[in-house]
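Student: Got a predicted structure plus its sequence, pasted below:
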Amino acid sequence: MSDGQVSATRDRGMSGNAPGGNAVEVTGLTVTYGSTTVLDQVDLQVPTGAVVALTGENGVGKSTLLRCVTGLQKPSGGAVAVFGEPPESGPGFWRRVATTVESPTWYHGLTVREHLDLVRVANGEDPADGRIDEVCGLLGITGLADSLPITLSSGQRQRFLLAATFVRPSRLLVLDEPEQRLDTAAKRALAAHLRDYLAAGGTLLMASHDEQFWHDVGADEVGLHRAEG
Amino acid sequence: MTTTRMPAPTPAAPVDIRRRVRRMRIAAVGRVDPSSVYCVLLAIVMAAVLFGRPLGVVVWPAEATGPSVPVLVAAALVLLAFLGVLRRLGPVVVTRADATWLLPAPVPRRALLTPALLLTAFSATVVGGLVGLAVAGRVAERPATSTVVLAGLAGGAAVGLLLALLAVRAQNAPRTGRAVDVTAGAVAAALVAAAVGERVAGGYAPPRDVLPPASVTLVVAVVVFLFAVAALTRVWWRLGSWPTHRIAEASAAAGSYADAAYAIEPSFLSEQSSRRYWRTRTGIRTSQLLRGRRLPPLTAQDLLQVRRKPGRLPWLVGTALAPAVVADGPVWLLIGVVLVGTLAAASVTGEATHTDASNPAALRLLGLTYRQVYGQRLVVPAGIAALWGALALGMVQATGALSGPWWALGLAAGPAAAVAALHRAKASASSIGHIFIDTPLGGFPSGLLLWLVNGLDVLAVLMLPAVIALVSVPAPEQLDGSLVLVQAALSVAGCLVLLRRSTAHTVGV
């Protein structure tokens, strides 16, 4: 805790020799907030098709690292590449990457189901192909189809956010503590869904505090910690 | 964890609690700053000097014109607006701190809520009394007797107090509250329609004896006033049994309004109002409109928004009649009403754009570019504004103040208003003005002033042909069809510029 520095424990061990190349490649990433250094020279490679769980105590920079990977935060130094290109805010990037790093402000007056329909239609997919029903069933929110998001509990909102993320097409999922506020059964179902996503060729980078959960997903752990001295 | 054991502790007297809280506040931040007292007194004196004389003329003009439809309609609208303000503010509320600490504590509820009820009754009496006096000032022949003045004051105060009672009742019974809101909106629209109808019919002067004699009015008003006071006393007596959540919700809303006033950020108000509406909205079933994919998704979303807020329709129709009411006044007033009205009509679906501007995360989830977003979000507001413009200018045309195809000019201005409304919805007061203007009362952020005209500037440019036509083509001159075409071309150009400029701005930038 002395100087606020962190390092990734498995950062340089995961070099990008995977057949599909690296979905995410972070080199010398540094992020500072004022005089506080949150991430210092962090390297990370996530091969295409792999699943990596970032772990570590609160405040070590897990969410900051995920925000840099999704291009939502500009690092103070270093480089980030997603599928070989810098993360950018263009729609092309967001068609390949889906994330729960930021929580959307849901539209007033649209029901949960209509939000999911909207996401599916806007991404050029068929909202009636059963995908939404499947994801809602998986996350246990089928009964909330006619509810307005403003009336949901925090746990239900978390499931809804995951559902909205899963019903859109993506090649890389960046999830920030997806297991938070979920009950045990929902966590198991979520882990099974993420394994299916990986089996279908997707890549997953997430932050997690739940060892059982990321074990269930089959993730490689990358522990972030503050450097000694 | 500890549990409360019987016998329960004796509730503390609220007077003692308030005194203790006041002492703690003084210990923390000191007594009232003399400079604050000076500023408040200075503001009151300045307001009295600036607005005292014009307000006096409004309430009691030198000459009485006799009873007229516009006077009676205006008085009724002021009272309805007051009812609307009471409904927004609670009116039975406590401060946010009291709502957090004293409301859930074993403190007598009645004593806690008495100040709010007294303030509501007092303000209702004052506002009602002033409105009654203003009506009497226009109806009573000169020199007016003291009976007339008292009848006006007492009549207005009685009506004001009845409205306060209604607002209090509506707060404690949500179903009644919704009925009151809908009825008030419908009555307001009907009143404006009546005023327009009177103008279209060529004016109507009600007979002088349309109102009962002053002595009768005075007696009835005093009886009603006493009845209302008795009813309010009954409400006060039963305050102890009010459910906590009714007071807490209203107090939270009033606190947000106070925040908006303190931060001078009007978008807080609309956000708060919107949250309240949707939290209590029931009976929504998922529509097939999005799933059907016949419309672009965001256009379909806007249509759903419009359909699910039907209470706005009477207001839109009512405001569309406003230009006809002011058509005989100065042309700048007519132009102002048309511009503001068109912009307001186009802003009906602005909520989603404002949401996206403050947090574009949902747009990233949709994977759309800003060009696609604006292209889809222009459709519904353009249609609504076009219909509003056609109705508004068509009604002015019907009164005979304008001649020619004015309804078509209103129709052509719809897309221009949609562009301006999108422009306005994207900004909040805090996001567009960071410069503070120094005043004797302290720094004043420029954002509010810029926010007030934000969008209107764009609309004034894009509706220039309509403005020029309003200035230069009074009846009986016929409006030239070429001006309609120019307006349509400028509206389309405004849309194209908006879409063109947003090409480079992709989601998230």
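Tutor: Here it is on my side, so go on. Numbering: from 1, shown residues only, chains lettered A, B, ... in the order given.

Student: number of nearby residues for residue B:43?
Tutor: With neighbours defined by other Cβ atoms under 10 Å in any protein chain shown, the count for residue B:43 comes to 12. Yep, even glycine has a C-beta here, placed from its N, CA and C like the rest.

Student: what does the one 10 residues further on give?
Tutor: Using other Cβ under 10 Å, residue B:53 has 10 neighbouring residues.

Student: same thing with residue A:35?
Tutor: Applying the criterion other Cβ under 10 Å, we find 6 residues in the vicinity of residue A:35.

Student: Could you look up the next helix or strand downstream of the helix or strand containing residue A:190?
Tutor: Using DSSP states H and E, residue A:190 sits within helix A:184-199. In the C-terminal direction, the helix or strand that comes right after helix A:184-199 (DSSP H and E) is strand A:203-207.

Student: Indicate each strand paired with that next one and its parallel or antiparallel sense.
Tutor: According to DSSP bridges, the neighbouring strands of strand A:203-207, each with its direction, are strand A:51-55 (parallel), strand A:172-176 (parallel).

Student: Make TSV from those strands and add mean pLDDT to it.
Tutor: Formatted as TSV, these follow (pLDDT from 0 to 100):
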stretch	mean pLDDT
strand A:51-55	95
strand A:172-176	95
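
Student: show me what contacts residue 109?
Tutor: Because you didn't say which chain, this covers chain A. The contact partners of residue A:109, taken as Cβ atoms under 8 Å, 6 or more residues apart in numbering or on different chains, are A:148, B:278, B:281, B:284, B:304-305, B:308-309, B:351.

Student: please go with chain B instead
Tutor: Residues in contact with residue B:109 (Cβ under 8 Å, 6+ apart) are B:239-242.

Student: go on, residue B:149?
Tutor: Counting by Cβ under 8 Å, 6+ apart, residue B:149 has contacts B:133, B:136, B:140.

Student: Helix, strand, or coil at the second one?
Tutor: Reduced to three states with DSSP: H, G, I helix; E, B strand; the rest coil, the structure at residue B:136 is helix.

Student: That one contacts residue B:146, correct?
Tutor: No. The pair residue B:136 and residue B:146 does not pass the contact test of Cβ atoms under 8 Å, sitting 11.2 Å apart.

Student: JSON lines please, covering the strands paired with strand A:203-207 and showing mean neighbour count and distance to residue B:102.
Tutor: What follows is the strands paired with strand A:203-207, written out as JSON lines (neighbours: other Cβ atoms under 10 Å in any protein chain shown; distance: least, Cβ to Cβ, whole Å):
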{"stretch": "strand A:51-55", "mean neighbour count": "23", "distance to residue B:102": "45"}
{"stretch": "strand A:172-176", "mean neighbour count": "22", "distance to residue B:102": "39"}
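
Student: Just put those in JSON lines and tack on distance to residue B:120.
Tutor: Putting the strands paired with strand A:203-207 into JSON lines (distance: least, Cβ to Cβ, whole Å) gives the following:
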{"stretch": "strand A:51-55", "distance to residue B:120": "55"}
{"stretch": "strand A:172-176", "distance to residue B:120": "47"}
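
Student: out of the contacts of residue B:149, who's nearest chain A?
Tutor: Out of these, the one with the shortest distance to chain A is residue B:133. That distance is 41.6 Å, counting by Cβ to the nearest Cβ.

Student: so which helix or strand takes in that closest one?
Tutor: Assignment of secondary structure by DSSP H and E places residue B:133 within helix B:109-139.

Student: Let me know the average pLDDT across that helix.
Tutor: The predicted model assigns helix B:109-139 a mean pLDDT of 91.

Student: re the thing from before, for residue B:136 and residue B:146, indicate the residue with more neighbours.
Tutor: Taking neighbours as other Cβ under 10 Å, residue B:136 and residue B:146 compare with residue B:136 leading, 24 against 8.

Student: Can you tell me how far the more buried one is from residue B:157?
Tutor: When Cβ to Cβ, to the nearest Å is the yardstick, residue B:136 and residue B:157 sit 12 Å from each other.

Student: again with residue A:182
Tutor: For residue A:182, the distance to residue B:157 (Cβ to Cβ) stands at 58 Å.

Student: Neighbour count: the two, which is higher?
Tutor: Applying other Cβ under 10 Å to residue A:182 and residue B:157 shows that residue B:157 carries more neighbours, namely 25 against 21.
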